[in-house]
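**Q** here is the input, now give the coordinates:
(one chain, ligands or ions: 1)
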Amino acid sequence: MKKYYMAGNWKMHKTVSESVAMAEELKKVLAACPEKLLVAPAFTSLQAVATVLKGSNILLGAQNMGPEETGAHTGEVSVLMLKDLGVKAVILGHSERRHSYFENDELVNKKLLLALKHGLEPILCIGETLLERDSGKLEEVISRQLKDGLKNVKKPDLKQVTIAYEPVWAIGTGKTATPMDADAVHLYIRKLLAEMYSPEHSKAMCIQYGGSVKPENTRELMSMPNIDGALIGGASLNADSFVSIAMFRS
Ligand code: 13P
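**A** Numbering: from 1, shown residues only. Coordinates of the predicted model:
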């Protein structure tokens, strides 16, 4: 049976105590959830949430990391520090980082290779803006972000990587790509992966959809053949709605 990968990106929300309370609730309620689960709190809450989630079926994720292992990089958090806390996955190339903090594909790729080197599972976010979609550049943007983001990733390492397709216009706007539209882009991503690696690698790849995922649209999105999970922002901040999404099959 297909196992979906449901990941909550808490973004710049929740204090340490709020994060701990949320993690405690999720740990209890989702103990029997059949899906792969992850929450990505802010850096400041990682250690406390790691303690709560230890031994549970919910993995700990980070929302970003620096492109260097160590050194004089004021304000950055290194892959070694994340590993030290028990972080298992890291979200990279989120559109908010690309657009607000000017992260380009080269930087995202550098971080992704570093994450893989240290056994951290990257979630590579890709997605087009509304302007890019409306001007017919969807495939060009997806292709560039995917190919440049995965540059020098070798076949054996690919299974550690998750792709999150997050159309920028659907993030935090309440506008979701229709399941059919999202699936069409996921299919295009699979086509590219098949060319870059092999049809088998492409088929085995986990591709999450992100952008206004909520309890009401999860089942329909997950019923699409090329959608393997969700990267959830707003609806992951509330325990009830994240639980409904994670338990969409019950
Ligand atoms: P929303 O679910 O709030 O649209 O955010 C999606 C997202 O950016 C997850 O990384």
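
**Q** in the protein, which spans are strands?
**A** Here the chain has its strands, by DSSP state E, at 5-9, 36-40, 58-62, 89-92, 121-126, 162-165, 206-210, 229-232.

**Q** partner strands of the first one and their direction?
**A** Looking at strand 5-9 with DSSP bridges, its partner strands are strand 36-40 (parallel), strand 229-232 (parallel).

**Q** I'd like the average pLDDT over that strand.
**A** Strand 5-9 comes out with an average pLDDT of 98.

**Q** just checking it against the ligand, any contact.
**A** Yes. Shown here: strand 5-9 in contact with the ligand (CB under 6 Å from any ligand atom) through Asn9. Where C-beta positions appear, they are placed from N, C-alpha and C, glycine not excepted.

**Q** can you give me the offset of that strand from its chain's centre?
**A** Distance, stretch centre to chain centre, for strand 5-9: 7 Å (CA atoms, centre = their mean, to the nearest Å).

**Q** do I have it right that Lys88 meets Leu60?
**A** Yes. Counting by CB atoms under 8 Å, Lys88 does reach Leu60; the two are 5.8 Å apart.

**Q** what do those two both touch?
**A** Contact criterion CB atoms under 8 Å, 6 or more residues apart in numbering; residues bridging Lys88 and Leu60 by contacting each: Leu38.

**Q** what about the two, which has more around it?
**A** Set side by side, Lys88 and Leu60 show more neighbours around Leu60, with 23 against 16, by other CB atoms under 10 Å.

**Q** which residues does the more buried one bridge with?
**A** According to DSSP bridges, the partner residues bridging Leu60 are Val39.

**Q** ok, it - contacts?
**A** When contacts are counted by CB under 8 Å, 6+ apart, Leu60 touches 38-41, 46, 49-50, 53, 85-89.

**Q** how near is it to the ligand?
**A** 16 Å (CB to the nearest ligand atom, to the nearest Å).

**Q** can you check Ser45 too?
**A** Distance, Ser45 to the ligand, by CB to the nearest ligand atom: 17 Å.

**Q** that residue - nearest residue in space that isn't next to it in sequence?
**A** With sequence-adjacent residues excluded and distances taken as CB to CB, 6 or more residues apart in numbering, Ser45 is closest to Ser19, at 3.6 Å.
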